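1. Pasting the sequence and the predicted coordinates here, then a few questions.
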Amino acid sequence: MAIFSPLGMAFFENIREKQAVYVDRTKYITDLDNAGKFDFFALPRRLGKSLAVNMLDAFYSGRKDLFQGLAAEKT
């Protein structure tokens, strides 16, 4: 059973280890790689920019254990 993550939880590792609810956006990692030289995250406040950057950090750091069951597990 998944628990809901508290508002403001911006650490991908904590969300995955505590089995909190996470909307999987990891399938877009390859799109970011192929997009170009610079990426700009233009999102309103409180919409997950820090979490997205933290997730990318975990991905490029090789934390495969955090991506089990997510789209990025296949890449």
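-> Yes, it's here.
2. contacts and neighbour counts: CA atoms only from here.
-> OK.
3. does the nearest residue to residue 51 once chain neighbours are set aside sit in a helix, a strand or a coil?
-> Distances taken as C-alpha to C-alpha, 6 or more residues apart in numbering put residue 10 closest to residue 51, at 4.6 Å, once the chain neighbours are dropped. Recorded secondary structure, residue 10: coil (DSSP: H, G, I helix; E, B strand; the rest coil).
4. Contacts only, for residue 10.
-> Residue 10 is in contact with 48, 50, 51, 54, counting by C-alpha atoms under 8 Å, 6 or more residues apart in numbering.
5. Give the buried residues for the least confident helix or strand in the chain by mean pLDDT.
-> When the helices and strands of the chain are compared on mean pLDDT, DSSP states H and E, helix 29-35 comes out lowest with a mean of 83. Judged by neighbour count using 16 or more other C-alpha atoms under 10 Å, the buried positions of helix 29-35 are residue 29.
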